[in-house]
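Chemist: Sharing a model that was predicted from the sequence below.
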Amino acid sequence: MELIELQRSEITEYLIYSHLSRTIKDSHNREILNRLAQEEYNHYERLKKITDKVVTPNRFKVWFYLILIKILGVTFGLKLMESGEKLAQKGYSIIAQRYPEVSSIIGDEKAHENDLLNILDEERLRYVGSIVLGLSDALVEFTGTLAGFTFALRNNSLIALTGIITGIAASLSMGASEYLSTKAEGEEKSPLKASLSTGATYIFAVSSLVLPYILIRDSFLSFVFTLLFAVTLVFLFTFYISVAKELEFKKRFLEMIVIIFGVSLVSFGIGLLVRVFFNVDI
């Protein structure tokens, strides 16, 4: 049964690689994808000789990865699929004890990993740093700002209005800073694209965090949902970066969460002090 599933995995990945090779523009990457597709098909044929069965591909997996790659990029999709290749290597190692002829496939699977790493030269990844800058700054700074506003103002309409104005101003400032920084460092990326990546990400994060104050009347309940949105955004972006850049997920995720909650707690305290000492009553 395990051998059948491995055979299905090979023909499935063959379809994914072959489809990508027909749609990708870069000639070098297209050539590598063609070779990987051929190797996967050869693996399938070898396994078919052992099982003596024709196995159909997992159509859901094919379309899932193709859609994922269309939305999130080739790098993320292939890196995620690469984790499946590592599991396949373990599966081959066990089965190779009973079927020695499978051993030669293991070497090819390990070579796949190196080939895939050579493919991953995607333009959008050059701006990941700018996106991370906009997201992390917005989540930490703006979550803390909303925490302070929540305690000091306690009026959702006013909090949302103040938050939107503050967020837009901060996004423009962050975008301009990233433009000047990228231009000064002379990196191999467009200062304008880097600036837009940072600013757009900041505005997206701000919009997500302010939304609960627009939809919910209770300010404290709104802030609870703001924290949930912040945690969700941190999870999604950290997962994306950890896969695309092969970085540790758990450490980066927990570090960001601790910072956000720490800043929010301090901001809550500041908001309370402002309300008491300045006798703010709105």
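Modeler: In hand now; what should we look at? Note that this is a predicted model, so its numbers are computed, not measured. Numbering: from 1, shown residues only.
Chemist: Low-confidence regions, the stretch 51-200 of the chain specifically.
Modeler: Along the stretch 51-200 of the chain, the model assigns pLDDT under 70 to residues 84-96, 100-101, 103-125, 129, 133, 186-188.
Chemist: now the helices for the stretch 101-250 of the chain?
Modeler: Counting by DSSP state H, counting those that start in this stretch, residue ranges of the helices within the stretch 101-250 of the chain are 103-119, 128-137, 143-152, 156-185, 191-215, 219-244, 249-277.
Chemist: and residue 222, what pLDDT?
Modeler: pLDDT for residue 222: 91.
Chemist: residues contacting the spatially closest residue to residue 134 that is not a sequence neighbour?
Modeler: If the residues on either side of it in the chain are set aside, residue 134 comes closest to residue 201, at 3.4 Å by Cβ to Cβ, 6 or more residues apart in numbering. C-beta: built from backbone N, CA, C; applies to glycine. Counting by Cβ atoms under 8 Å, 6 or more residues apart in numbering, residue 201 makes contact with 130-131, 133-135, 138.
Chemist: Pretty sure residue 239 sits against residue 250.
Modeler: No: applying Cβ atoms under 8 Å, one finds residue 239 not in contact with residue 250, separated by 10.6 Å.
Chemist: Which one's more surrounded, those two?
Modeler: Ranked by neighbour count (other Cβ atoms under 10 Å), residue 239 and residue 250 place residue 239 first, with 15 against 9.
Chemist: Could you measure from that one over to residue 204?
Modeler: Using Cβ to Cβ, to the nearest Å, residue 239 is found at 17 Å from residue 204.
Chemist: Next: residue 146.
Modeler: Note on residue 146: its distance to residue 204, by Cβ to Cβ, is 16 Å.
Chemist: Residue 180 too?
Modeler: Residue 180 is 22 Å from residue 204, by Cβ to Cβ.
Chemist: neighbour count winner among those two?
Modeler: residue 204 (16 against 12).
Chemist: State the distance from that one to residue 12.
Modeler: Distance of residue 204 to residue 12, computed by Cβ to Cβ: 34 Å.
Chemist: Just the C-alphas of stretch 219-231, formatted as PDB.
Modeler: This file holds the C-alpha atoms of stretch 219-231, laid out as PDB (Å, rounded to 0.1, in the frame of the first residue of the first chain):
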ATOM      1  CA  SER A 219     -14.100  48.900  22.600                       C
ATOM      2  CA  PHE A 220     -12.600  46.200  24.700                       C
ATOM      3  CA  LEU A 221     -14.200  43.400  22.700                       C
ATOM      4  CA  SER A 222     -13.000  45.100  19.600                       C
ATOM      5  CA  PHE A 223      -9.400  45.100  20.900                       C
ATOM      6  CA  VAL A 224      -9.700  41.300  21.700                       C
ATOM      7  CA  PHE A 225     -10.600  40.800  18.000                       C
ATOM      8  CA  THR A 226      -7.700  43.100  17.000                       C
ATOM      9  CA  LEU A 227      -5.300  40.900  18.900                       C
ATOM     10  CA  LEU A 228      -6.800  37.800  17.200                       C
ATOM     11  CA  PHE A 229      -6.300  39.400  13.800                       C
ATOM     12  CA  ALA A 230      -2.800  40.300  14.700                       C
ATOM     13  CA  VAL A 231      -1.900  36.800  15.800                       C
END
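Chemist: number of nearby residues for residue 67?
Modeler: Neighbourhood size, residue 67 [other Cβ under 10 Å]: 11.
Chemist: re the thing from before, let me have the helices of the stretch 101-250 of the chain in JSON lines, adding distance to residue 47 as columns.
Modeler: Output for those, formatted as JSON lines (distance: least, Cβ to Cβ, whole Å):
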{"stretch": "helix 103-119", "distance to residue 47": "8"}
{"stretch": "helix 128-137", "distance to residue 47": "37"}
{"stretch": "helix 143-152", "distance to residue 47": "51"}
{"stretch": "helix 156-185", "distance to residue 47": "49"}
{"stretch": "helix 191-215", "distance to residue 47": "44"}
{"stretch": "helix 219-244", "distance to residue 47": "28"}
{"stretch": "helix 249-277", "distance to residue 47": "32"}
